[in-house]
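Colleague: What would the 3D arrangement of this be:
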Amino acid sequence: MRDLIIIGSGPAGLTAAITAAEHGLDVLVLDEYHKPGGRLLGQLYEEPGGTWWNGIEESRKLAERAGVLGLDIRLGKSVHNIEQVNSSWLVHADCETFEAKSLLLATGAAEAPVAIPGWTLPGVMSVGAAQVMTNVHRVKPGKRGVIIGVNVLSSAIAMELKIADIEVAAIALPKTNQVNGSASNPTEVMNALLHVSHMAPSLFVKMGSKLMKNDFMKKMGITFYPKNGVRMWDIPVMLRKAVIRIEGTDQVEGVTLATVTADGKVIPGTEEVIGCDFVCIAGGLYPLAELAALTGCPFYHINELGGFVPLHSQDMRTPLDGLYVAGNITGIEGAKVAMSQGKTAALSIAKDLGQDIADTSLSEAVRQISSTRTDAHIQFHPEVDAGRRKLQEYWDLHDAEKRKVMV
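Modeller: As a prediction, the model looks like this:
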């Protein structure tokens, strides 16, 4: 029996595995992909000060540290069931079953869909798929593309496509329907983007965002937002145009755009077709938490964290003995926060298994998560701190109820 099984070899999982091994634990890492690194593998962006965050390089560094420690990392392993039997965890993966005293779920995030007529055509893909094709496999998804969905993720990947000499004709909103929700509302999208305006290379966007401090100015801003968009990295970002249909017979040939009102309603007679040979759908990310659901761990839906998240404490413990979580399964944030969470989870696990972990070391690790979050260059949700406070309230309530039962 292992001390610890970690599901997921992304930034949280690898960091946790390294930290746990350094504290003497016998660790097994499982991942369904054929390379370690998770979403790190596709990341490439410029940080403040002109330095670059290269996800492939960061993954390589983590993999090298894992190799030095002799960590057992099994790739190409899909987990389909988890059971808690007595005081151990059974992880069923393909034709094998693994057993451990503790289990860490670091399964990351998945991309949410955006429903658009024509989205089943060859050449339509998630924006994350385009990122992996370009940055990991060095294959261009096409020559000229359109991104549907204006958010932090689509903006960052559009820049990466531009670096790879791929033309992005436009980043536009999706058509309003029951599925797309607030992602198709220009006013709500603009509000969500204001907190990351510091990332924009456009001086117009940076200066304009500083003026939008109240609802009146925000309304004026979206009302007079240029119909043809504001260019960032020479890519038009369109908050007043939506893709109402993807065009093509056997493959993507273009998209139909239409001007929309401030609340996302199509203005009849404004339709126009622009040509492209691929389309990226950017519906945002949500926590990939299905495996946590198999364990019986309590869940809460917290919009500020991206969706349903398993209940957990600041030190990454769940209410179930021996079960821990780290990374985007706990809420959508960046790789650096995930790594801090992975380290904290490993220290909690080591302490619970009887290793000599000082309370001050664990407290410092928890504090590091918070400071890393505060300093993050990219934040996928503007109210992430409020989301974390909500989760802590749920944890405190659960803890209080548990103490009542024990009395």
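Colleague: List the contacts of Ile7.
Modeller: With contact set as C-beta atoms under 8 Å, 6 or more residues apart in numbering, Ile7 has these partners: Gly13, Leu30, Asp31, Val79, Val91, Leu103, Leu104, Leu105, Ala106, Thr107, Leu291. The way it works is simple: take the backbone N, C-alpha and C, and place the C-beta from them, glycine included.
Colleague: Let me know how buried Leu30 is, in neighbour terms.
Modeller: Neighbours of Leu30 under the rule other C-beta atoms under 10 Å: 23.
Colleague: Over to it. Which of the three states is it?
Modeller: With DSSP: H, G, I helix; E, B strand; the rest coil as the basis, the three-state label of Leu30 is strand.
Colleague: Also Thr120?
Modeller: For Thr120, the assignment made with three-state DSSP gives coil.
Colleague: for it, phi and psi?
Modeller: Torsion angles at Thr120 (phi, psi; degrees, to the nearest 10) stand at phi -90, psi 0.
Colleague: all helices in the stretch 301-407 of the chain, in order from the N-terminus.
Modeller: According to DSSP state H, counting those that start in this stretch, the stretch 301-407 of the chain carries its helices in the segments 335-352, 359-375, 384-406.
Colleague: whoops, I mixed them up, the stretch 51-200 of the chain
Modeller: If DSSP H, counting those that start in this stretch is used as the criterion, the helices of the stretch 51-200 of the chain fall at 55-68, 127-131, 152-163, 186-193.
Colleague: nearest to Asp352, of those?
Modeller: For the helices of the stretch 51-200 of the chain, the distance to Asp352 is smallest for helix 55-68, at 22.1 Å, taking C-beta to C-beta.
Colleague: How far does the closest one sit from its chain's centre?
Modeller: Its chain's average C-alpha position is 20 Å from that of helix 55-68, according to C-alpha atoms, centre = their mean, to the nearest Å.
Colleague: what helices or strands is it leaning on?
Modeller: Applying 3 or more C-beta pairs under 8 Å, 6 or more residues apart in numbering; DSSP states H and E, one finds that helix 55-68 makes contact with helix 11-22.
Colleague: Give me the buried positions along the helix it packs on.
Modeller: When burial is assessed from 16 or more other C-beta atoms under 10 Å, helix 11-22 yields the following buried residues: Pro11, Ala12, Gly13, Leu14, Thr15, Ala16, Ala17, Ile18, Thr19, Ala20, Ala21.
Colleague: Which two among the contacts of Ile7 are spaced furthest apart?
Modeller: Every pair in the contacts of Ile7 was compared (C-beta to C-beta); the two farthest apart turn out to be Asp31 and Leu103, at 14.4 Å.
Colleague: tell me the contacts of Val27?
Modeller: Under the contact definition (C-beta under 8 Å, 6+ apart), the residues listed for Val27 are Arg2, Asp3, Leu4, Ile5, Ile6, Ala17, Ala20, Ala21, Leu71, Asp72.
Colleague: Can you name the residues bridging to the last one?
Modeller: Taking DSSP bridges as the rule, Asp72 bridges to Leu28.
Colleague: hey, where'd the strands end up in the stretch 101-250 of the chain?
Modeller: Secondary structure of the stretch 101-250 of the chain by DSSP state E, counting those that start in this stretch: the strands cover 109-111, 124-126, 144-148, 167-174, 230-232, 235-247.
Colleague: Distance of Glu304 relative to Arg367?
Modeller: With distances taken as C-beta to C-beta, to the nearest Å, Glu304 is found 21 Å from Arg367.
Colleague: again with Gly283
Modeller: 33 Å.
Colleague: So those two - more neighbours on which side?
Modeller: The residue with more neighbours, out of Gly283 and Arg367, is Gly283; 22 against 13, by other C-beta under 10 Å.
Colleague: low pLDDT regions in the stretch 101-250 of the chain?
Modeller: 192-224, 227 (pLDDT under 70).
Colleague: go with 90
Modeller: For the stretch 101-250 of the chain, applying pLDDT under 90 flags the ranges 113-115, 135-136, 151-153, 155-156, 159, 176-234, 240.
Colleague: before we move on, back to that, save the helices of the stretch 51-200 of the chain as CSV, and put in mean neighbour count too.
Modeller: As requested, the helices of the stretch 51-200 of the chain are exported to CSV (neighbours: other C-beta atoms under 10 Å):
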stretch, mean neighbour count
helix 55-68, 16
helix 127-131, 24
helix 152-163, 21
helix 186-193, 19
